[in-house]
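1. no FASTA, just this:
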């Protein structure tokens with residue numbers, strides 16, 4: 001497995017809509033495992049393929065609290081098929097927007113259909129943190145960042161900080 005470089009906003013590749021995966025093969029399975037390793041090292045609870053420079057509809061998620069209890073989800077071509085009427089407000093962050101956080105309103109519960117790393121159709125009902133994480137990562141597949149859900153003023157402040165930080169690293 002390999003650690004993959006995570007793209008940092010405002011990298012334009014993060015705003016592209018991802019392409020569906022026709023069939024999960026060895027290349028996609030390796031990407032999935034590399035994404036999990038990258039997510040754990042960073043550390044994060046979710047990672048989408050566009051964040052590591054791959055324009056594929058693949059996400060990985062693990063909201064477990066510690067290494068011994070890991071329960072990773074390997075999700076390909078996710079489709080949200082149902083959302084609850086009641087919302088949840090959560091503070092979100094993102095590996096592509098390091099050290100930046102904002103409160104985002106999303107549906108409290110969702111249902112997602114997808115295929116797993118073995119091309120098996122799956123369905124997942126989620127609420128709370130898992131639902132928030134799924135929606136956040138699926139947004140990445142549409143070229144949407146969590147800051148696209150907040151006010152323009154807050155979004156611009158966060159993006160300016162990231163640009164300034166990038167300049168300082170070059």
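-> Here it is on my side, so go on. Quantities reported herein were computed from a predicted structural model and do not represent experimental measurements. Numbering: from 1, shown residues only.

2. quick check on the closest residue in space to residue 140 that isn't next to it in sequence: phi, psi?
-> Leaving aside its chain neighbours, residue 140 sits nearest to residue 48 (3.4 Å; criterion: C-beta to C-beta, 6 or more residues apart in numbering). C-beta coordinates here come from the backbone N, C-alpha and C atoms, glycine included. Phi and psi for residue 48, reported as degrees, to the nearest 10, are phi -110, psi 150.

3. contacting residues for residue 48?
-> Residue 48 is in contact with 18, 58-59, 137-138, 140-141, counting by C-beta atoms under 8 Å, 6 or more residues apart in numbering.

4. and with 10 Å instead?
-> 14, 18, 35, 39, 54, 56-61, 75, 78, 94-96, 136-142 (C-beta atoms under 10 Å, 6 or more residues apart in numbering).

5. kindly report the same for residue 138.
-> 18, 46, 48, 57, 59, 75, 78-80, 110, 112, 114, 144.

6. and which of those residues is nearest to residue 128?
-> residue 110 (10.6 Å; C-beta to C-beta).

7. let me know whether that closest one touches residue 81 as I believe.
-> Yes. Under the contact definition of C-beta atoms under 10 Å, residue 110 touches residue 81, with a separation of 8.3 Å.

8. endpoints of stretch 106-125, how far apart?
-> 15 Å (C-alpha to C-alpha, to the nearest Å).

9. flag every buried residue along that stretch.
-> Within stretch 106-125, the residues that qualify as buried are 106-112, 114-115, 117, 124, counting by 16 or more other C-beta atoms under 10 Å.

10. cool, stretch 130-142 as well?
-> 130-141.

11. among the buried residues of stretch 106-125, which two are most distant?
-> 108 and 117 (28.0 Å).

12. how about the helices in the chain?
-> Remark: helices assigned in the chain by DSSP state H are 26-41, 128-141, 152-169.

13. tell me what the longest one is packed against?
-> Using 3 or more C-beta pairs under 10 Å, 6 or more residues apart in numbering; DSSP states H and E as the contact criterion, the neighbours of helix 152-169 among helices and strands are strand 97-107.

14. if we can go back for a sec, would you mind giving the helices of the chain as TSV with distance to residue 71 added?
-> Below are the helices of the chain laid out as TSV (distance: least, C-beta to C-beta, whole Å):
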stretch	distance to residue 71
helix 26-41	11
helix 128-141	10
helix 152-169	30
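
15. and the residue minimising distance to the centre of the chain, what does it touch?
-> The residue lying closest to the centre of the chain (C-alpha atoms, centre = their mean) is residue 137, at 2.6 Å. Shown in contact with residue 137 (C-beta under 10 Å, 6+ apart): 44-51, 58-61, 73, 75, 78, 94.
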